[in-house]
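Asker: Turn this into a structure:
(chains A, B, C, D, E and F)
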6 protein chains.
Amino acid sequence: MQLHLSTWPEVETYLQKSQGIIFPIGSTEQHGPTGLIGTDAICAEAISHGVAEETQGMVAPTINIGMALHHTAFPGTISLRPSTLILVVRDYITCLAKAGFTKFYFINGHGGNIATLKAAFSETYAHLEDLQLPSSQKVQCQIANWFMCGSVYKLAKELYGDQEGSHATPSEVAVTQYVYPEAIKQAPLSSKVASGHRIYGAANFRESYPDGRMGSNPALATPEHGKQFYDLAVGELSKGYLEFLNQE
Amino acid sequence: MQLHLSTWPEVETYLQKSQGIIFPIGSTEQHGPTGLIGTDAICAEAISHGVAEETQGMVAPTINIGMALHHTAFPGTISLRPSTLILVVRDYITCLAKAGFTKFYFINGHGGNIATLKAAFSETYAHLEDLQLPSSQKVQCQIANWFMCGSVYKLAKELYGDQEGSHATPSEVAVTQYVYPEAIKQAPLSSKVASGHRIYGAANFRESYPDGRMGSNPALATPEHGKQFYDLAVGELSKGYLEFLNQE
Amino acid sequence: MQLHLSTWPEVETYLQKSQGIIFPIGSTEQHGPTGLIGTDAICAEAISHGVAEETQGMVAPTINIGMALHHTAFPGTISLRPSTLILVVRDYITCLAKAGFTKFYFINGHGGNIATLKAAFSETYAHLEDLQLPSSQKVQCQIANWFMCGSVYKLAKELYGDQEGSHATPSEVAVTQYVYPEAIKQAPLSSKVASGHRIYGAANFRESYPDGRMGSNPALATPEHGKQFYDLAVGELSKGYLEFLNQE
Amino acid sequence: MQLHLSTWPEVETYLQKSQGIIFPIGSTEQHGPTGLIGTDAICAEAISHGVAEETQGMVAPTINIGMALHHTAFPGTISLRPSTLILVVRDYITCLAKAGFTKFYFINGHGGNIATLKAAFSETYAHLEDLQLPSSQKVQCQIANWFMCGSVYKLAKELYGDQEGSHATPSEVAVTQYVYPEAIKQAPLSSKVASGHRIYGAANFRESYPDGRMGSNPALATPEHGKQFYDLAVGELSKGYLEFLNQE
Amino acid sequence: MQLHLSTWPEVETYLQKSQGIIFPIGSTEQHGPTGLIGTDAICAEAISHGVAEETQGMVAPTINIGMALHHTAFPGTISLRPSTLILVVRDYITCLAKAGFTKFYFINGHGGNIATLKAAFSETYAHLEDLQLPSSQKVQCQIANWFMCGSVYKLAKELYGDQEGSHATPSEVAVTQYVYPEAIKQAPLSSKVASGHRIYGAANFRESYPDGRMGSNPALATPEHGKQFYDLAVGELSKGYLEFLNQE
Amino acid sequence: MQLHLSTWPEVETYLQKSQGIIFPIGSTEQHGPTGLIGTDAICAEAISHGVAEETQGMVAPTINIGMALHHTAFPGTISLRPSTLILVVRDYITCLAKAGFTKFYFINGHGGNIATLKAAFSETYAHLEDLQLPSSQKVQCQIANWFMCGSVYKLAKELYGDQEGSHATPSEVAVTQYVYPEAIKQAPLSSKVASGHRIYGAANFRESYPDGRMGSNPALATPEHGKQFYDLAVGELSKGYLEFLNQE
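Answerer: Numbering: from 1, shown residues only, chains lettered A, B, ... in the order given. Here you go, the predicted structure:
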């Protein structure tokens, strides 16, 4: 069930049986010479829809722009400041908490979002406590990073070994190829790819990682792999979401 | 061309011929008993993609949550505070302005966004002036409300007369039916529908407009009408976008 | 009745018969070679006082600095950022709402304030809802732009035709001449005056409108015209204010 | 010279001979049973205009609402939060500094503004340093509290002794009587008046000072006294302003 | 009793007999060629611990970085913006007020903190009023500047006369020598020392006060003097703290 | 070398050989019935001083209050909101970056700080980029969690096995016992201790973890263990700091 494609009376009905909602959160950032700028949002959105179907859950509109300041030296990247993203998440959850939602499950496609999301959850719990809503003390938020699912990680290692890397990875590229086969890109990829540098500011990042990849070889990706990753992530996160709902 | 489905080198290439970008902006808010909660985002996104195709333009990810605080007494509505939306717009434009974009065309699907968007543009111009980027003084933003296109307005009057209303209108519902025929909803609609009340806070709004419609009869909508509205809006806004690009 | 010239026990007494208050809001910005920098505040203040007298209303101190960032490339202009003005309006209304005021009528003299004011109202309604004051759900705000009164507009067209323009207009200059006859300015005004450019940032505005006027010929203004405009605006807005008070 | 009643070319001319500007800052707050709510703004404004005449200075629009949160339990009081007032002052000074003003002289009528104004100056210096304007390092701000002028203080002691008190004082009431003789108020004033309590939050303040006065007997005020105070303050602050301008 | 060295059940027990807490607040800023950068925090902390012992009070962790923007042109200075310090103080007090603390006594070692602290108290009272905590209306904050104690001031005048100056004073340096005898510094000090300049921005400050001292001769300081100042301040502020606790 | 105990000329000298600075960051939060509220700050501070000695580094004043909102249902806990802590870190780093520091090493004692600190670093890099300081692109920040050092973790497992838990752990308590042997606390500790619950808001946390411990048995701690942990952490983090300095 998609919030987007529902009416408010349908949401009212849904709330009588569940107070959970799934938020896909991605990013709009460079993913190397062949990766789509929307990679993280595309993966998070597709997998979230899969999880929602599997679990009869409700999925909210995708947060397609996240915290990607370190990628902003590459054209096309759009990022919120952490302080802005915190307010965005606070506003989203507050609106829904007033309506009765209490379980917020963020299916995340971008490692760079994790820290700010966690900070946003803390900020939001305190904000809700200030507001003294009926549901204030019941609200719980969780991040589920699809790319950190055990089964996903295992398959990526099997298929790609060290060439999985950590950004513009073949696994995430594969998922986008599965979702958007019409947008598979080709470009020469140097076999020497930077890796192992820590992440600081945007200029430093581009200097460390000149073509945007971090140790990865996205040329290994195929849409078929993408389907496999998708299935594994949907399976594992569906279980995770149901556990989250059942948790006190 | 969709930013989402492009690579950063493709964006770099695009920037050599155009500095324009189209931002669909909608809202996630109740649209009466039969209108989709995502109506405003769905319309803005579909029309933006049409305009981008027509004009060889680049379209950014949809801002699917806008300023809809007055709808928050209905479950399923999500809104940013105006102060948050201002920061979001400022962050988006700043990132892209650093990359060289200068013409920001917001195709808007929600009347409630207009004031805050305009405020955000003013805030952003001043912010860019502070940053003294090479492009700071060249950045220009424009709102194009598809539902206010002359041709759209005329057709809505012809088809629906007074039953067009001003929220959960048959014209916008028709566009969503055209885009998502699988999500056409049915529900009893009282023939007496509230209208003419001013908009204040959320509780007051729900009291004034108990089922969420504002003077409209969305039962008149058909997917075929939707196609007509879509075509008119794409045509008119494509012209508008090209004029905007050519303006000094 | 002026808040400024009242004591707190007088306000307490006033609140027993009315919960309405009138806020003049203007701007401190260039108005061409002959228009006063305070034009918008002067007009809003004078007309507000007229309305207050006519309606036994209470008028608050004038907000004499508004949102005029696009005029800041001309010396003497002072502007708040939209994000600041939102906080100012939120603070003003919150204080008065705690005291029992519920009807806030902003008589506005500057087009550039409208978007930010509307955003501020939305922000404030949500803020008051958070605070859960006894009056939180009753607070209503309205903008009344004196220069958009039907009668004012009609007279301006009659007297000036196209030379009314849209900034540093003869009608607003006339009102300031009526209020401050001692401050009528003379300066050569080129008969060719820029018009029709859209408004973006401050540098761009000054480039588009080199002497600050937007299509207007303020040399047509006379104090007598000013009196006529003043009377029309006071009449029309007094009616508007009383309707606002009587509205549920 | 009043900024309000000037044109932008007049400001441009003024800037060639002086970079100084005078800001009257008051407050809109209860002043006991007989004091005007606008007392602090009225005094600051009148005295500022006097100083501007005496020194050929430019006076900006009055900041008529300041930091008066502790008075907000009395109806009619309007206050900015300190954090808001800091932004207001930052915005004002930044606009004028961009135009070339460097000497900001705040003639203040309200003790409660002092701390926040000083904090605002620090915030603004750092902000201007960030912006790296040509004038960033030259900007200087000063507060001049008219009620703390040596000559004013001396006269108040002579005329009223201990009955001067510290809020709703006969001296400030006298100045308002001189400026607005038509708004002299009468009300019974208990001869027992609270004094000596420290200032904390709004509810506590009203408990400590039930009628709003702090140790004062405003019944002693006369318009003639007001004229004397006005003359002394104008004299002393004119000297202060000229010294400030001449200081490196 | 130090909060730092207590357990939460000990705090719970303490709250049954006292709702007071002492906050040392200093600064991390240049103190001339021989003064420690931590001077203000060191003095405030030592004296606070003395007061806590004397009064059986609880002392919170030291706020060792305050508002010292005007010193930031000297390396090693760290300062919060006033707007940040306001939020810090608001957060601290809000947490403790929720736990039941109501009397906040800030023992301050830096003149530059005073304005912002006072602004922060006003901001916090209003914030607590918004939250409607059980203790909201009982919270009281007070600043006690150890260097402004009558007895301290008197001794400084006796020992140093005019050479006490107003920054990097022998009295504060003496206290740090008493607390950290191992960190007594030697450096040539010009006998001509700048004094009497007003404080504006950081660059201006360094120009006015090239070696960082303001009219002081810290070479006069001795650890024995430090002990004397310490004892006087502890005595006087202990009395002040007890009076504050007993005040309604 | 401690910044606190240095003079500004000493800092100037230090900057000629190193641009690195160590920031201890802890928290002020409940640590179970026997753990000190200052545990995290005490550990971070002691270890930072050890590292500074070992590496000839400079150590800044301890950030003794961090992000501990989830502990605020226990009295004595003080926490910043994430949004406040972000500003604090931004202000600290900005001041020091202006002076020439470029390598910021945060030795952290509290898991709850990690997310917000990382968000703060991203915010700060972008802020510095806006300011265009000479050092803007060179600034690098790193978090080093002493309790996650491999050697520390190994020893904790050896000494305590599962009874190490994850909050109010015997290892951190041991370090505080080593640093403050005079503040070793005794209290009955139930042998049944909650563990495994996820962390959400403050009320939920206290419900999940009624005495504040998370799966730990701090009664196993001894000062001798503390010395061992201290030595291991100092050794490992000294190496880490030097590597950080040498990294480009």
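Asker: quick one: the strands in chain A?
Answerer: A:20-25, A:103-108, A:140-145 (DSSP state E).
Asker: Does anything pack onto the first one? Which helices or strands?
Answerer: Counting contacts by 3 or more CB pairs under 8 Å, 6 or more residues apart in numbering or on different chains; DSSP states H and E, strand A:20-25 packs against helix A:39-55, strand A:103-108, helix A:223-246. All C-beta atoms are positioned from the backbone trio N, CA, C, and that covers glycine.
Asker: how much space between A:Lys154 and chain C?
Answerer: Distance, A:Lys154 to chain C, by CB to the nearest CB, to the nearest Å: 46 Å.
Asker: How about the residues of chain A by chain C?
Answerer: Contact residues, chain A versus chain C (CB under 8 Å from any CB of the partner chain): A:130-132.
Asker: from these, which would you call buried?
Answerer: A:130-131 (16 or more other CB atoms under 10 Å in any protein chain shown).
Asker: Restricted to helices, list the residues of chain A next to chain C.
Answerer: Per DSSP state H, helices hold the following members of those: A:130-131.
Asker: Which single residue in chain A comes nearest to chain E?
Answerer: A:Asp130 (5.7 Å; CB to the nearest CB).
Asker: Which residue, other than its chain neighbours, is closest to that residue?
Answerer: Nearest residue to A:Asp130 in three dimensions, chain neighbours excluded: E:Leu131, at 5.7 Å (CB to CB, 6 or more residues apart in numbering or on different chains).
Asker: picking that back up, want to throw the residues of chain A next to chain C into JSON lines with pLDDT?
Answerer: Output for the residues of chain A next to chain C, formatted as JSON lines (pLDDT from 0 to 100):
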{"residue": "A:Asp130", "pLDDT": "96"}
{"residue": "A:Leu131", "pLDDT": "96"}
{"residue": "A:Gln132", "pLDDT": "93"}
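Asker: related to what we said a few turns ago, next one: the residue nearest to A:Asp130 from B:Ala202, what distance?
Answerer: 21 Å (CB to CB, to the nearest Å).
Asker: A:Cys43 now?
Answerer: 35 Å.
Asker: out of these two, which sits in the more crowded spot?
Answerer: A side-by-side neighbour count of A:Cys43 and B:Ala202, using other CB atoms under 10 Å in any protein chain shown, places A:Cys43 first with 31 against 24.
Asker: That one and A:Pro134, how far apart?
Answerer: Distance from A:Cys43 to A:Pro134, by CB to CB: 35 Å.
Asker: swap in A:Thr39?
Answerer: Taking CB to CB, one finds A:Thr39 at 39 Å from A:Pro134.
Asker: got a list of what A:Tyr230 touches?
Answerer: Going by CB atoms under 8 Å, 6 or more residues apart in numbering or on different chains, A:Tyr230 touches A:46-47, A:50, A:175, A:178-179.
Asker: How about A:Thr84?
Answerer: Per CB under 8 Å, 6+ apart, neighbours of A:Thr84: B:84, B:87-88, B:91.
Asker: what do you get for A:Gly66?
Answerer: A:Gly66 neighbours (CB under 8 Å, 6+ apart): A:25-28, A:40, A:79-80, A:85, A:110, A:112-113, A:116.
Asker: 10 Å instead, please
Answerer: Contact partners of A:Gly66, counting by CB atoms under 10 Å, 6 or more residues apart in numbering or on different chains, are A:25-29, A:40-41, A:44, A:78-80, A:82, A:85, A:88, A:108-110, A:112-114, A:116-117.
Asker: and what of A:Trp8?
Answerer: A:99, B:29-33, B:35-37, B:71, B:73-77, B:211-212.
Asker: how about a cut-off of 8 Å?
Answerer: Per CB under 8 Å, 6+ apart, neighbours of A:Trp8: B:30-33, B:37, B:74-77, B:212.
Asker: Then A:Arg81?
Answerer: A:67, A:69, B:87, B:91, F:122-123, F:126.
Asker: Distance check, the residue in chain A that chain C sits nearest to against A:Thr124.
Answerer: Closest contact between chain A and chain C, by CB to the nearest CB, is at A:Leu131 (5.7 Å). According to CB to CB, A:Leu131 stands 10 Å off from A:Thr124.
Asker: Touching both of the two, which residues are there?
Answerer: A:Thr94.
Asker: Next up, the contacts around the nearest residue to A:Ser191 once chain neighbours are set aside.
Answerer: Nearest residue to A:Ser191, sequence neighbours excluded (CB to CB, 6+ apart): A:Asn217, at 7.9 Å. Residues in contact with A:Asn217, defined by CB under 8 Å, 6+ apart, are A:160, A:163, A:165, A:170, A:189, A:191, A:193.
Asker: Do I have it right that the fourth one meets A:Pro218?
Answerer: Right, the one you point to is A:Pro170. Yes - contact between A:Pro170 and A:Pro218 holds when scored by CB atoms under 8 Å: they sit 5.1 Å apart.
Asker: More neighbours: which of these two?
Answerer: Summary of the neighbour comparison: A:Pro170 and A:Pro218, criterion other CB under 10 Å, with A:Pro218 having more neighbours (30 against 25).
Asker: Please report phi then psi for A:Gly32.
Answerer: Note on A:Gly32: backbone dihedrals following degrees, to the nearest 10 are phi 80, psi -180.
Asker: and it, how many neighbours?
Answerer: Here the number of neighbours of A:Gly32 (other CB under 10 Å) works out to 28.
Asker: That one: what's it in contact with?
Answerer: Residues counted as contacts of A:Gly32 (CB under 8 Å, 6+ apart) are A:167-168, A:189, A:211-213, A:216, A:218, B:7-8.
Asker: Give the buried subset of those as a ChimeraX selection command.
Answerer: Command for ChimeraX that selects the buried part of these, burial taken from 16+ other CB under 10 Å:
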select /A:167,168,189,211,212,213,216,218 /B:7,8
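Asker: Tell me, how many residues neighbour A:Leu239?
Answerer: In this structure residue A:239 is Lys, not Leu. A:Lys239 has 14 nearby residues by other CB under 10 Å.
Asker: Also the one 4 residues further on?
Answerer: One way to gauge burial is a neighbour count; for A:Glu243, by other CB under 10 Å, it gives 10.
Asker: ok, back up a step: which one among the residues of chain A next to chain C gets closest to chain D?
Answerer: A:Asp130 (15.7 Å).
Asker: Relative to E:Thr94, how far out is the closest one?
Answerer: 9 Å.
Asker: How far does stretch A:224-240 sit from its chain's centre?
Answerer: Computed by CA atoms, centre = their mean, to the nearest Å, the chain-centroid distance of stretch A:224-240 equals 14 Å.
Asker: Equivalent analysis for stretch A:20-38, please.
Answerer: 7 Å.
Asker: in chain A, which ranges drop under the pLDDT threshold?
Answerer: Nowhere does chain A drop to pLDDT under 70.
Asker: Give me every residue in it lying close to chain E.
Answerer: Near chain E, when you scan chain A using CB under 8 Å from any CB, you find A:130, A:132.
Asker: all helices for chain A, in order.
Answerer: Counting by DSSP H, the helices of chain A are A:8-17, A:39-55, A:82-99, A:114-131, A:150-160, A:170-179, A:202-208, A:223-246.
Asker: list the buried ones in the longest one?
Answerer: Meaning helix A:223-246. A:223, A:225-226, A:228-238, A:240-242, A:244-245.
Asker: quick one: that helix to helix A:39-55, angle?
Answerer: 60 degrees (axes from the mean of the first three to the mean of the last three CA atoms, to 10 degrees).
Asker: Pull out the CA atoms of helix A:223-246 and give them to me as CSV.
Answerer: Backbone C-alpha positions of helix A:223-246 (Å, rounded to 0.1, in the frame of the first residue of the first chain) are rendered in CSV as follows:
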residue,chain,number,x,y,z
PRO,A,223,20.2,-6.7,-14.1
GLU,A,224,20.0,-10.4,-13.1
HIS,A,225,22.2,-9.8,-10.2
GLY,A,226,20.0,-6.8,-9.4
LYS,A,227,17.0,-9.1,-9.2
GLN,A,228,18.8,-11.4,-6.8
PHE,A,229,19.9,-8.5,-4.5
TYR,A,230,16.4,-7.1,-4.6
ASP,A,231,14.8,-10.4,-3.6
LEU,A,232,17.3,-10.9,-0.8
ALA,A,233,16.9,-7.4,0.6
VAL,A,234,13.1,-7.6,0.4
GLY,A,235,13.0,-10.9,2.2
GLU,A,236,15.4,-9.9,4.9
LEU,A,237,13.9,-6.4,5.5
SER,A,238,10.3,-7.7,5.4
LYS,A,239,11.3,-9.9,8.3
GLY,A,240,13.0,-7.0,10.0
TYR,A,241,10.0,-4.8,9.6
LEU,A,242,7.6,-7.3,11.1
GLU,A,243,9.8,-7.8,14.0
PHE,A,244,10.0,-4.1,14.5
LEU,A,245,6.2,-3.9,14.5
ASN,A,246,5.9,-6.6,17.0
